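**Student:** I need the structure of the sequence given here:
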Amino acid sequence: MFINEQMNTPAVLAFLPAAFFWITKLEVPLALARLAGQQAGATISVMAVTLGVQLTEIGMPRIDLNAILASAVRLVGGSLLSIALAIPFDLIGLERSAGILQASMPPAVLTTIIAMEHDLVPEFVTTALLFGTLASLLSLTVILSLV
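**Tutor:** Here you go, the predicted structure:
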């Protein structure tokens, strides 16, 4: 049952065609590339609206210790892990900075959508997402000054 649910995920459905073009080194047809670009742009808007709907459904978010810890694991833990992994992978310069910055980003809206779809404490996930995004204003400022 779990595998069937995963087959409805757009990223899973897009994997085979993407792998085909990557392995064969063929150029993606222009029409297909434009269609994918339009869908990617629409996805961002749909995710933002979905987050807004979820925030209105849960009312005023209650930021508790669990939401703070979840955000800290993502923001601080991701930063520290990326710094630690840059050493054995011998990343330096722009590549190192970009990797650390990407790993330091707040959680994505997709986490809330998955939590809503599978009824996995969506209120908590939305609250942690909101707090993590707000906390990232401070954490990303620190990370940018360090890298």
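**Student:** Just list what the lengthiest helix in the chain packs against, helices and strands only.
**Tutor:** Longest helix of the chain, by residue count under DSSP state H: helix 30-58. With contacts taken as 3 or more C-beta pairs under 8 Å, 6 or more residues apart in numbering; DSSP states H and E, helix 30-58 sits against helix 109-117, helix 122-146. C-beta coordinates here come from the backbone N, C-alpha and C atoms, glycine included.
**Student:** again, only this time at 10 Å
**Tutor:** With contacts defined as 3 or more C-beta pairs under 10 Å, 6 or more residues apart in numbering; DSSP states H and E, helix 30-58 has these neighbours: helix 10-24, helix 109-117, helix 122-146.
**Student:** relative to helix 109-117, how tilted is the first one?
**Tutor:** Which is helix 10-24. Here the directions of helix 10-24 and helix 109-117 differ by 130 degrees (axes from the mean of the first three to the mean of the last three C-alpha atoms, to 10 degrees).
**Student:** ditto for the longest one
**Tutor:** Helix 122-146 and helix 109-117 meet at an angle of 170 degrees, taking the same axes, to 10 degrees as the criterion.
**Student:** dump the residue contacts of the residue nearest to the spatial centre of the chain.
**Tutor:** For the chain, the residue sitting closest to the mean C-alpha position, by C-alpha atoms, centre = their mean, is Ala108 at 3.4 Å. Residues in contact with Ala108 (C-beta atoms under 10 Å, 6 or more residues apart in numbering) are Met47, Arg74, Ile114, Leu129, Gly132, Thr133.
**Student:** The last one contacts Pro107, doesn't it?
**Tutor:** Right, the one you point to is Thr133. Yes: counting by C-beta atoms under 10 Å, Pro107 is a contact partner of Thr133 at 7.7 Å.
**Student:** returning to what we had before: centre of the chain to the helix or strand just after the longest helix of the chain, how far?
**Tutor:** As assigned by DSSP states H and E, the chain's next helix or strand after helix 30-58 is helix 65-72. Put simply, helix 65-72 sits 17 Å off its chain's centre (C-alpha atoms, centre = their mean, to the nearest Å).
**Student:** do stretch 65-77 as well
**Tutor:** Its chain's C-alpha centre and that of stretch 65-77 lie 15 Å apart, by C-alpha atoms, centre = their mean.
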